[in-house]
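>>> Let me see the structure of the following:
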Amino acid sequence: MAANRVHVHAAPEEVFAVLADPERYPDWVVGAAGIRDHDEEFPAVGSRFHHKVGSWPVGIRDYTEVTAIDPPARIVLKAKARPLGTVTIALELRESAGGTEVRMEEVPGDRVTSLFVGNPLADAALRVRNAEALARLKRLVEGVPEGDPVRERELSGQRVLVTGGSSGIGLAVAEALVREGARVAILARNELGLAAAKRKLTEAGGEAFAVGADVTDREALAAAIEEAASELGGLDVLVTSAASLSFGRFTETGPDDFDATLATVLGGAVDTVRAALPHLERSRGAVVCVGSIAARMPLPGMAAYTASKHGLVGFLDTIRVELEESGSPVTVSLVNPGAVDTPLWSNLESSTGLLPPEPPFPSVYAPESVADAVLGIIRHPRDEMTAGGLARAQVLFYSYFGAVAKRAMQALARLEHTAGDRPAGEGGLSGGKGAGEVVGGFGGRRSIAVKALGAWDGMLRVVGRG
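All right, here's what the predicted structure looks like:
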C-alpha cells in the first residue's frame, strides 16, 4: 500500500470538482496520456472514463471505474491497464488549516498486481509517483499558472516595484528602469523623500508611482503593494532594496536596535516577497533582492546587518527550491554588492554616537553600478551574483585565506571604532531618511566588471534581435 498526503489551499468542494471531472485527470495523473471518452453519469458509482496510459509505441488503452463516492469527502477508483492488472485508488478529502487535506492511497486490486507492486520497493516507487500526482493536483486546483520561467526579459513596458526607492540603490535602480521604458512604482517610509524621488523619475521622462509604507509594518506594506499593483495593472518584477541598520559592536548595541535591523533588512524583504508573490505568479515574474557581501562574509560593527543578509540567502535559496518544486514560473535572484556610495552610511543608528570612517576610494561603488547589475539580472535571471570585481575578491579572500582574513577583519573592526570622527545623528531605524538622493558623497566609482558584463549583455541582445 502506498499512501500520500498534500494540503491544498482551497475548499474540499473545489478539490472534489476537479476529481469529478474526467477530462482533468490527464492534467494531474502521472502517466495518463489522454481521455478517449467517459460515461455521462460520471462520477456515479459504476461509471467509467476510458483512458490511454503511456505513449506510442507502448500506449495502453483501458478504463477507470468509480467504486465508491461520498462528495466532497471521498472517491474510490479502480484503475485498469492491461496487461498490468488493476489498482484501487482512494482519495479522501477533509477540511484542514483553512484548506483541504487530500489523502491518496493506492493498493493492488488483484492477486496478479500484488505480486508486482505489493512490496516495499514498489510501494516506495508508487509514493514518488503519487507525490508528483498530488503536487500537480494542488497546482491545478490552486490555479498556479502554467509555463516555464522567463529566462530573457525586455525591460520596456515591465511593471516593477522597487522598495527603498526614495534614495540610494533603490532610487538608482528605479532611474535606470525608467530610462529603459519600464513602468515603476517606488515604495518607502518617508513621504517627502518619495515625492522628491518621484519628481526625479518623472523629469527623466518615466512613468512612476509612489506608495508609502514601512516594510516593518506588515499590514501597511501589503496594502501598499496592492496599491502599486493596481496602479501598474499588475507586477512583473519586484526589487527589494529597503535597508536601515545599527552600527556598533554587538556588546554595545541595544537589543531594540539589533531587532529593528533584523526586522527591516530581513523581515521587510520576507514580507515584501510574501505580499508580491501572488501578482508575480500571474505574470511569470521575477524577484530580485539587493543583498550584500555581508551575506558571504562578516562586517565588523554590523552584526545585525550581517545576520540579516546571511538570513536572506537562506530564505531565498529555500523559497527558490519550493517554487521550482511547485511548478511556479517565478524566478528568485540575489545581487550582492560591496560598499556603495549611498546616504545609508550617514544614517546609521549608532550605539556610541560615532559613525565609522568614510569608506575610502576606490573601495566604494557608485549606486549606478549596482543598478546595472540589477537590470542585468532582471533581463537574464540567475540565482545569485556578486556585483563588482573588488567585491568578489573580498568574498574570495575571506573564504580561502582563513587566518589572514580574520586578522584583516580584526584590523578593520579596530579602524571602524577608532579611526572615525563623524558624529552620528538620528539614524534610519528611528524614521525614514530617504530624501530623493542617490549618492552619499563618498566618491563611489563605477564597476569595470559590471560595466563589461552590461556591454556583453547588450551585444548579445543586439545579436539576438538580428
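>>> Distance-wise, check the closest residue to L192 other than its chain neighbours relative to N190.
Nearest residue to L192 in three dimensions, chain neighbours excluded: A435, at 7.0 Å (CB to CB, 6 or more residues apart in numbering). For the C-beta atoms, the positions are set from N, CA and C on the backbone; glycine is no exception. Using CB to CB, to the nearest Å, one gets 7 Å for the distance from A435 to N190.
>>> Equivalent analysis for P149, please.
Distance, P149 to N190, by CB to CB: 34 Å.
>>> just to revisit the earlier point, can you check which residues contact both of A435 and N190?
Listed as contacting both A435 and N190 by CB atoms under 8 Å, 6 or more residues apart in numbering are S166.
>>> Who has more neighbours out of these two?
N190 (20 against 17; other CB atoms under 10 Å).
>>> how close does the more buried one get to R183?
Distance of N190 to R183, given as CB to CB: 22 Å.
>>> cool, V364 as well?
Distance, V364 to R183, using CB to CB: 31 Å.
>>> can you check G99 too?
From G99 to R183 the distance is 34 Å (CB to CB).
>>> go on, A286?
From A286 across to R183, the span is 15 Å (CB to CB).
>>> More neighbours: which of the two?
The neighbour count for A286 versus R183, taken as other CB under 10 Å, is higher for A286 (25 against 19).
>>> I figured that one hits L238, correct?
Yes - the criterion here is CB atoms under 8 Å, and A286 meets it with L238 at 7.3 Å.
>>> What residues does E207 make contact with?
Counting by CB under 8 Å, 6+ apart, E207 has contacts V178, R183, V184.
>>> Would you check that I89 makes contact with L77?
Yes - using CB under 8 Å, I89 is in contact with L77, at 4.7 Å.
>>> Does the residue nearest the centre of the chain belong to a helix, a strand or coil?
By CA atoms, centre = their mean, the chain has its centre lying nearest to V332, at 4.3 Å. Assigned by DSSP: H, G, I helix; E, B strand; the rest coil, the conformation of V332 is strand.
>>> Tell me who's in contact with it.
A286, V287, C289, L316, I319, R320, L323, D383.
>>> quick one: which two of those residues are the most distant?
C289 and L323 (13.9 Å; CB to CB).
>>> Am I right that I186 is in a strand?
Yes - judged by three-state DSSP, I186 forms part of a strand.
>>> Quick one: the helices in the stretch 51-200 of the chain, in order.
111-117, 120-142, 168-179, 191-203 (DSSP state H, counting those that start in this stretch).
>>> which stretch among these comes nearest P343?
Per CB to CB, nearest to P343 of those: helix 168-179, 5.9 Å.
>>> Sketch out the low-pLDDT regions of the stretch 301-450 of the chain for me.
359-363, 416-428, 432-434, 436, 440-445, 447-450 (pLDDT under 70).
>>> make it 90
301-302, 325-328, 338-367, 387-395, 397-450 (pLDDT under 90).
>>> What strand or helix carries the nearest residue to G338 once chain neighbours are set aside?
Nearest non-adjacent residue to G338, counting by CB to CB, 6+ apart: A391, 3.4 Å away. Counting by DSSP states H and E, the element that carries A391 is helix 389-400.
>>> Could you check how far A176 is from L155?
Using CB to CB, A176 is found at 9 Å from L155.
>>> cool, L344 as well?
In terms of CB to CB, L344 sits 26 Å off from L155.
>>> what's the neighbour count on A3?
Here the number of neighbours of A3 (other CB under 10 Å) works out to 14.
>>> Could you report the neighbour count for R218?
17.
>>> wouldn't it be in contact with D271 here?
Yes - R218 is in contact with D271 according to CB under 8 Å; the separation is 5.1 Å.
>>> that older thread, more crowded one of L344 and L155?
Counted by other CB under 10 Å, L344 and L155 do not tie: L344 has more neighbours, with 21 against 18.
>>> What residues does the closest residue to the more buried one other than its chain neighbours make contact with?
Excluding its sequence neighbours, the residue lying closest to L344 (CB to CB, 6+ apart) is G168, at 5.7 Å. G168 makes contact with S241, V340, T342, P343, L344, P367, G434, E437, V438, G440 under the criterion CB under 8 Å, 6+ apart.
>>> Closest to L412 out of those residues?
Each of the contacts of G168 was scored against L412 by CB to CB, and V340 proved nearest at 17.0 Å.
>>> pretty sure that closest one is touching I169, no?
Yes - the pair V340 and I169 qualifies as a contact (CB under 8 Å) at a distance of 6.1 Å.
>>> picking that back up, list the buried residues of the helix holding A391.
For helix 389-400, the neighbour count (16 or more other CB atoms under 10 Å) marks L390, A391, R392, Q394, V395, Y398 as buried.
>>> No further queries at this time; thank you.
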